[in-house]
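Peer 1: sharing a sequence plus its predicted fold:
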Amino acid sequence: MTPASAPAPASARSILSSGLAAPKPIFDWFFALAALSVLAVGIRAIYFTPIEALQGAAQKIYYIHVPAALGAYIAVSITAMMSIVFLWLHDERADRAAEASAEVALLFLTVVLTTGPIWAHRIWGAWWVWWDMRLTFTLFLWFIVAAYLVLRDGIEDVAMRGRYGAVLAVLGALLIPFIHLSVYLFSARLHPMPVVLKPDKPSLPPEMLVTFVLSFVAFTLLCFALIRARYRIAVQRELVAAFEGDGGSR
Amino acid sequence: MSDGRAPGTIGAAWLVARKDLAIEFRTRTAFFSALVFAVLALCIFYFAWDESVVTPAQRAPGVLWVVLAFSALLGLQRSFSIEEHDRGIDALLVSPISREAIYLGKAIGNLLFLCAIQVIAIPALALFYNLPVGRPLLVVTGIVLLAMIGIVAIGTLFSAMAVNTRLAELLLPMLSLPFFVPILMNAAQATTRVLAERPLAESWPWLKILIGFDIVFVVACTLAFPFTLEE
């Protein structure tokens, strides 16, 4: 083992002994559970939840749109926090977690940005409304996360990739309040206001509320399951790279 | 330094800025290409709207900020790519100056470079779009300077990062533009109001965000810069 002062290049054995890498492909129970619960919530939302009186069936897109937004915010927060941890402790695991959650964040943000306009077209009469604060904000968040992933993709060196990615993620976290303030000044408040998390009691009928809460649970599960799965891929990739490195040196 | 002592942070930063500006002054290639691009884009955008619907004075703020952002990117791209020749960056790193000073020097050099372009581009905008010359244009120049500080702070850092990637110059716009969004949004809103000769108090909320952005990102990028260099 190399002295602990310099970040040691990950050797295949050290990764294996850390117990992170699964030696053989295994069935991902957590992901299966998450996928099943999303499916179940979808069925409940479509067949067993009443149709909203004013918006009609279009309102049911809430059961995907809002939980996906929550998942995206969770994933983005994990990326930002793990990046700070990486810059501070130089722990490779933090970097892997940051990268994994950024990819999941991009997926969830894409879902938000796809379902939003579909609903808006039906209810507002326009696919895209720039004056809507949260829509515009989410779009710029998407661009930052995309830039983060492209930057990482463009760097071969593992240590440098981690550092650059972390710097961009931390600056991106600083940028978010500024984008939020700018968009806030720029826009009218067109977005539906909270109906669940508000000072008085939730103004949803109980069946809808239950579906809504279940969909939050399901999407949060899915978010963590995907991050975990993506994290494992990162470990496996490093393992392959380390084995190739070992073979080359012999 | 004649007395053999290493200069302080500000002194060292100024030396780095002077070095970059001297290189640029001798070749002048980047300056002329960025300048011609800016003036050319000002002219081309003139024809992008129907004159009977939107008056030139109404579209001037939008044109100004689009042209400014892209000409800034042109200038920023070379900031660190000139150091790649003969690994000039290594010489900078072994010199007895702090990494923060290298960043600040690069940023000051870039700021002066971009200001030199604006000294010609803003009058050109006023000329082509028949803007009122006088106080409004002076205020706009002030807003441009505020925005430039933020753009340079972000752009200098990302320029240092982009040269080390496979994509090099291609990556800089993708990294920088999301960060330019609050700058451009607020600056354009303020410029629109100033050019319409509204009282300055009306632009103040936008300018406050701009000033806050400058302070936060000059500090953050200076602190982040050492992480982008090879250990």
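Peer 2: Yep, it's here. Numbers count the residues shown, from 1 in each chain, chains lettered A, B, ... in the order given.
Peer 1: CA atoms for contacts and neighbours, from now on please.
Peer 2: OK.
Peer 1: my guess is residue B:73 meets residue B:174, correct?
Peer 2: No. With contact defined as CA atoms under 8 Å, residue B:73 does not reach residue B:174; the gap is 10.5 Å.
Peer 1: between these two, which is the more surrounded one?
Peer 2: residue B:73 (23 against 18; other CA atoms under 10 Å in any protein chain shown).
Peer 1: could I get the buried residue list for the strand or helix carrying residue A:43?
Peer 2: Using DSSP states H and E, residue A:43 sits in helix A:29-47. Residues of helix A:29-47 classed as buried by neighbour count (16 or more other CA atoms under 10 Å in any protein chain shown): A:30, A:31, A:34, A:35, A:37, A:38, A:41, A:42, A:44, A:45, A:46.
Peer 1: could you do stretch A:132-148 as well?
Peer 2: Buried residues in stretch A:132-148 (16+ other CA under 10 Å): A:132-138, A:140-148.
Peer 1: where does chain B have its least confident helix or strand?
Peer 2: Within chain B, no helix or strand scores below helix B:88-94, which has a mean of 81 by mean pLDDT, DSSP states H and E.
Peer 1: just the buried residues of that helix, please?
Peer 2: For helix B:88-94, by 16+ other CA under 10 Å, it's residue B:89.
Peer 1: next one: stretch B:181-188
Peer 2: B:181, B:182, B:183, B:184, B:185, B:186, B:187, B:188.
Peer 1: for residue B:113, give me its contacts.
Peer 2: B:21, B:31, B:75 (CA atoms under 8 Å, 6 or more residues apart in numbering or on different chains).
Peer 1: thinking again about what came up before, so which of the buried residues of stretch B:181-188 also contact chain A?
Peer 2: B:181, B:182, B:185, B:186 (CA under 8 Å from any CA of the partner chain).
Peer 1: and the second one, helix, strand or coil?
Peer 2: It stands for residue B:182. helix (DSSP: H, G, I helix; E, B strand; the rest coil).
Peer 1: distance of it from residue A:183?
Peer 2: Distance of residue B:182 to residue A:183, given as CA to CA, to the nearest Å: 8 Å.
Peer 1: next: residue A:30.
Peer 2: Taken as CA to CA, the span from residue A:30 to residue A:183 is 38 Å.
Peer 1: what do you get for residue A:74?
Peer 2: 21 Å.
Peer 1: show me which of these two is the more surrounded one.
Peer 2: residue A:183 (23 against 17).
Peer 1: so where does the more buried one fall, helix or strand?
Peer 2: Using DSSP H and E, residue A:183 falls in helix A:158-186.
Peer 1: which residue ranges of chain B form helices?
Peer 2: Along chain B, counting by DSSP state H, helices occupy B:9-27, B:29-46, B:56-84, B:88-94, B:99-128, B:135-162, B:171-195, B:204-224.
Peer 1: weakest of those helices by average pLDDT?
Peer 2: Sorting these by mean pLDDT places helix B:88-94 lowest, at a mean of 81.
Peer 1: center of chain A, which residue is that?
Peer 2: In chain A, the residue lying closest to the centroid (CA atoms, centre = their mean) is residue A:105, at 2.4 Å.
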